[in-house]
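>>> This is a predicted model, with the sequence first.
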Number of protein chains: 2
Amino acid sequence: MPVFTEHAASSRDLRVLPSFAPPLPRLTSTIPQAEKYEVVIVGAGPAGLMMELLLARYGLSDDSLLCIDAKSTTLKSGQADGLQPRTLETLKSLGLADEILTEGCQMWQVAFWNPSEDKEKIIERTSIIPDVAAPSRYPHEVTIHQGRIERILETDLLRYSKRGVQRNTKLLNVRIDEEDAEYPVVAEIETNGQTRIVRSKFLVGADGAHSVVRRSMGLKLEGESSDHIWGVVDLVVDTDFPDIRRRCAIHSPAGSVMVIPRERIATGDYLTRLYVQVPGDVIPSDDQKPDNGTGTPPVADARARRSQVTEKTIFDNAAAAFAPYYIRPKSDGAVDWWAAYQIGQRVTDNFSVKDSHGINRVLIVGDACHTHSPKAGQGMNVSMMDSYNLAWKLAYFINGLTPNISNSDILDTYHKERHTIAQQLIEFDKAFSSMFSGKIGATEGGVGSLTHEEFREVFSRGNGFTSGCGVEYPENMTVDRFAEENPICGTDYLSGILHPGRRLLNVRLIRHADGYRRDLQDDFASTGRFRILCLTSSDLLDPTGISAQALNALSHTIARFPRSLLEQVVVHPRLSREFMWGDIPRAVKEHSEMSFYSGYELDDVYGTYGVDPEKGALAIVRPDGYIGVIASLSHVSRADRYLETLIRTI
Amino acid sequence: MPVFTEHAASSRDLRVLPSFAPPLPRLTSTIPQAEKYEVVIVGAGPAGLMMELLLARYGLSDDSLLCIDAKSTTLKSGQADGLQPRTLETLKSLGLADEILTEGCQMWQVAFWNPSEDKEKIIERTSIIPDVAAPSRYPHEVTIHQGRIERILETDLLRYSKRGVQRNTKLLNVRIDEEDAEYPVVAEIETNGQTRIVRSKFLVGADGAHSVVRRSMGLKLEGESSDHIWGVVDLVVDTDFPDIRRRCAIHSPAGSVMVIPRERIATGDYLTRLYVQVPGDVIPSDDQKPDNGTGTPPVADARARRSQVTEKTIFDNAAAAFAPYYIRPKSDGAVDWWAAYQIGQRVTDNFSVKDSHGINRVLIVGDACHTHSPKAGQGMNVSMMDSYNLAWKLAYFINGLTPNISNSDILDTYHKERHTIAQQLIEFDKAFSSMFSGKIGATEGGVGSLTHEEFREVFSRGNGFTSGCGVEYPENMTVDRFAEENPICGTDYLSGILHPGRRLLNVRLIRHADGYRRDLQDDFASTGRFRILCLTSSDLLDPTGISAQALNALSHTIARFPRSLLEQVVVHPRLSREFMWGDIPRAVKEHSEMSFYSGYELDDVYGTYGVDPEKGALAIVRPDGYIGVIASLSHVSRADRYLETLIRTI
């Protein structure tokens, strides 16, 4: 019997808590007084909560950060439900993916149903393909209630912020008033009938499609509505349709339906979302190709038709489109939520407003910037990713980590990057919605019809974009694409070839220190740090080789920037012999003891990334996981120059 | 712009919460009055918390269930730190594995260090092998602070129980008094100096090595202590030893050390646990083989030596064993905890005490039943698995789900199964500890030494057991091994061949309904349900075939038992053609729409389980994931008979 004589050091409470994200270093010192904040966030939907959570994790305290929302709780039903692969990677990088992956509905396949040539059958399954074609750590979508995502974000937020979201509080208006030059943003807010003024350095508008921030700042939402009317309903179904648990695009002679399988609920039943085309939605014949813009039929009429849609209209149309299969609510009370909407796409011309010194002071994210139709499952994703793009830039500027405290160039890159994505989203959505509202013709002559192949082609081509994995940010100070000597071979960036502006694809590798079979993305947690990814060449064991030289130079690079802000991950290709720590440059163990990997035993990392093992390569990865710059091992100075433009040296 | 007109059904709050485990059906009705409980649990370490959590999830309310603990909080430092693969599978089945897998230290490899023939080197690495040899969903151990496991269990418990653990409350004594025949267990407990009497139907003693329950009930702990003295210390180290992040068995000329890498802590540093042999621990020459029992040197003397061990003793001995490498605490305050212990193994003769009607009333779990040395990382695992074994049996009996309410035979199986495992644990530990305290001889002549091969052999052979994956329960009413016609080929049960008494190995398969690539174990959540695992034969598409007949018969089986208590999982081998739901027996969609899989596209399920695809097979899996009985598809009645002995029919 092991009888213990124990001696414990003083309190080790932290040993039992979930780990906390380490705050960013702070080189500025001002903490504002009461009712002055560094950042005010308006709106606590997925975009606003993501923004607040990230800033809180980066180290902004309740004294510095305020998030308000007009509603009294998180969402209870309806609205968004889809999470894309790239969003799942992002949530994983925050330690928030487990419940979503386990309890959400993993959507792996999409089935296409089209008119059958056999009149008895009416419709038939044309094909089943993978729902996600882009390589990703999670090669599927997840559908789950938006309110649940909000609850997950808020629960984590409350580990970092005592206040959390200040609810029942709405924004009345916001303006810039430089009388107080340090806190030039003035917001008038109202809680339970009481109004008050709050000043801040920055204000982030995450207040949705009807954004008060956008209106107050005079930003324009540009675009059009079409006359396509759709109904959407969340319910537990009773049906004999065989593919009800797959995502389905059904083009029947009676209209189109999209089936989105959803998560299991407390009763043990599974939810289904149906998008159902509503009748009278006649498509002008020149509006069937994706690229010819939206025809402009009487939109006011469409709005009237939308308001006349009822739950019965939706089910009647669904029943017609599913024939000969039956579909109905499983029981009374089986319908969670329904809505009718009119397809349209709009984007705001500018995502931020500057003060007279050219500093971005008011920024908008999410639906406040862009709205579109819901069927491609993009809204919640693009909105959260807006915040994910902006948060680290804002935190760097506020914490004085950027080289010049009076120069907010880094904040300019937010509009530059995310407006580009919003435009691409709008273009994709126009094509996809329009196609989806069209008929697939097994009908005689095929007049006014599109082929299954055309539809499937738009679907698959769009997948790089819709999955979030194909996002590519344009050249800017955080994406440096100029390379005098590019060490990367290949251009299939979606499949992993390293490229500035693209996210770093996950690979599996084995850690030297302990043999842990690990996902590389787990070394790129969303803690706001930049990372050096050094793919050494095969000469790593040569103390005078190019790898050793690069690693020694990188040691100096790391030392030039604020402590903890630069992390280093090192990967090696197959080497000439077995080795121990003593056989490689000391810098590896010093900076990367627990982030040093063999890159050939599990995945072919060098092949995937387009790196020649004889030459190696170097990438700087931004805090949000996108590649900022690439250099050859002999050009560490290039990485230095990139970092110097973004981070203050010490 | 999609302008929504929304209509939400009344409150859907459950949509946003993490899902709750569904309680078991209840056929009995009594809920006790105040200070009468159905179950009292004494002790809230890993075993007690696991017990309370499971019973709460099975549906016992705070009125029915009380757990007390003498301490005021969960553990803050020291004690157990290792989770074995089978324990990880179990935690996953409760939805509690994510934080542990993500933030614990995954221990994938073990390195063996032995005396070097090169006198300059002193010690050298002989080999590195996988830490876990048994096939498992998680082929590694995880080390993480015991207090963190307790916090994770308690956090989940508080979703099911408002009271949680009643702390600062200790058991003074317990006895059986049948004056109140329904609540015959009488416990005297004390909270902050106030004593009171609590009656219950059952009492579970999870109160550790010094169990008051065990002592009160007169149960004997039998076994011996050896004179081997070891020190154990948790700290952040500074060392140039190359394998400090691997589990290491170091046999140096100066003594033995085991290195256990531990999790990363809030400072960003990594913890290490060292087990260090303490000097004067001379091994008699007849005590070096694992099978000859413990020699009985002067134990009293060993106890005296144990009490003289200091932090310095441990570090001095560690320093000597690591030479020529240095090892020391990284800084002042780097030591979390240390202890000295004397190796020994004891097991209680009986794990339960019955009343005069033969009903088991007081049961003990965890360290109260068995104690042993800590180096094989077993204690916390075997203890939690004791509770995991007992909880569903107790809940079935309490809820009236067993066939005969005055017959507690099912509770007899707890002692039968877990005492067997405790005995095996003790035997393994004797062999392993004794070996580990021995010297590996590169010394001249090898007198008094054992070879590296001998040690490694004990280590590897023991791995089936230590991983938890090789556990095999003996024949009893819940493990029916008699088969007139055994459909299973093979005997390599550790690798997955189906066998009553063994756990069901995880396999990966593709779900028919939605193409989800899924782990089979995720359909075997720890919700207290029995499962029918039907591996159909390749004649599934023949409506009169053996598969169809078996599935139809199983429909009747399911209907005979209380609703929701029997779940069905169906797997099919490669079939002669593609099919839809309409081509297979209706019973599959009716009972297994979301648990129907192809068993050949990812893993070779039939090969792994030893099932001939031409014949198929049937297994009943117990609520704890162990196989209860196996039958051929033509003998569904055999499954019926097995279930009838355990579950009340309706």
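Here it is on my side, so go on. Numbering: from 1, shown residues only, chains lettered A, B, ... in the order given.
>>> So is the longest helix that chain A contains next to chain B?
Looking only at chain A and at elements set by DSSP state H, the helix with the highest residue count is helix A:409-436. No. Legend: contact between helix A:409-436 and chain B by Cβ under 8 Å from any Cβ of the partner chain is lacking; minimum distance shown is 9.7 Å. All C-beta atoms are positioned from the backbone trio N, CA, C, and that covers glycine.
>>> elements contacting that helix?
Other elements packing on helix A:409-436 under the criterion 3 or more Cβ pairs under 8 Å, 6 or more residues apart in numbering or on different chains; DSSP states H and E are strand A:221-235, strand A:335-348, strand A:352-354, strand A:360-364, strand A:370-371, helix A:379-398, helix A:452-466.
>>> which of the ones you listed sits most buried?
strand A:370-371 (a mean of 28; mean count of other Cβ atoms under 10 Å in any protein chain shown).
>>> Please name the strands paired to that one in the sheet, noting orientation.
Next to strand A:370-371 in the sheet, as set by DSSP bridges, lie strand A:335-348 (antiparallel).
>>> The partner strand versus helix A:409-436: what angle between them?
Interaxial angle, strand A:335-348 versus helix A:409-436 (axes from the mean of the first three to the mean of the last three Cα atoms, to 10 degrees): 120 degrees.
>>> what about the residue nearest to A:Pro253 when sequence neighbours are not counted, distance to A:Ser127?
Nearest non-adjacent residue to A:Pro253, counting by Cβ to Cβ, 6 or more residues apart in numbering or on different chains: A:Pro115, 5.4 Å away. A:Pro115 sits 14 Å away from A:Ser127, going by Cβ to Cβ, to the nearest Å.
>>> of the two, who's got more company?
It is A:Pro115, of A:Pro115 and A:Ser127, that has more neighbours when counted by other Cβ atoms under 10 Å in any protein chain shown, with 22 against 11.
>>> Does the more buried one touch A:Ile123 like I think?
Yes. Using Cβ atoms under 8 Å, A:Pro115 is in contact with A:Ile123, at 6.0 Å.
>>> Show me chain A divided up by domain.
Listed domain ranges for chain A are A:27-78+A:145-222+A:346-409, A:104-143+A:223-345+A:434-466, A:493-646 (source: automatic domain parsing).
>>> Which residue lies nearest the spatial centre of chain A?
Centroid check for chain A by Cα atoms, centre = their mean gives A:Met385 as the closest residue, at 3.4 Å.
>>> Kindly report the residues of the stretch 201-350 of chain A close to chain B.
Within reach of chain B by Cβ under 8 Å from any Cβ, the stretch 201-350 of chain A has these residues: A:209, A:221, A:223, A:225, A:240, A:242, A:245-246, A:261, A:264-266, A:268, A:270, A:303, A:306-307, A:309, A:311, A:333, A:335-346.
>>> Now the common contact residues for A:Pro115 and A:Ile123.
Listed contacts common to A:Pro115 and A:Ile123 are A:252-253; contacts here mean Cβ atoms under 8 Å, 6 or more residues apart in numbering or on different chains.
>>> tally of neighbours for A:Thr310?
Neighbours of A:Thr310 under the rule other Cβ under 10 Å: 12.
>>> Just want the phi and psi numbers for it.
When read as degrees, to the nearest 10, the backbone of A:Thr310 gives phi -120, psi 170.
>>> Tell me what A:Pro130 is bridged to.
A:Gln109.
>>> ok, it - contacts?
For A:Pro130, the contact set (Cβ under 8 Å, 6+ apart) comprises A:108-110, A:139, B:515.
>>> Ok, A:Asp640 next?
Per Cβ under 8 Å, 6+ apart, neighbours of A:Asp640: A:557, A:560.
>>> Kindly indicate whether it is helix, strand or coil.
Assigned with DSSP: H, G, I helix; E, B strand; the rest coil, A:Asp640 falls in the helix class.
>>> Only the C-alpha atoms, please, for the helix or strand harbouring A:Ala56, written as CSV.
Per DSSP states H and E: A:Ala56 is located in helix A:46-58. Output of helix A:46-58 as CSV, limited to C-alpha atoms (Å, rounded to 0.1, in the frame of the first residue of the first chain):
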residue,chain,number,x,y,z
PRO,A,46,-22.0,35.9,-34.0
ALA,A,47,-20.0,38.8,-35.4
GLY,A,48,-20.2,40.9,-32.3
LEU,A,49,-19.6,38.1,-29.9
MET,A,50,-16.6,36.9,-31.9
MET,A,51,-15.2,40.4,-31.8
GLU,A,52,-15.7,40.8,-28.1
LEU,A,53,-14.4,37.3,-27.3
LEU,A,54,-11.2,37.8,-29.3
LEU,A,55,-10.5,41.3,-27.9
ALA,A,56,-11.1,39.9,-24.4
ARG,A,57,-8.8,37.0,-25.0
TYR,A,58,-6.1,39.3,-26.4
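>>> give me the low-pLDDT residue ranges for chain A?
Within chain A, the stretches with pLDDT under 70 are A:1-17, A:19, A:29-34, A:76-78, A:280-300, A:439-449.
>>> try 50 this time
A:1-3, A:11, A:281-297, A:442-447 (pLDDT under 50).
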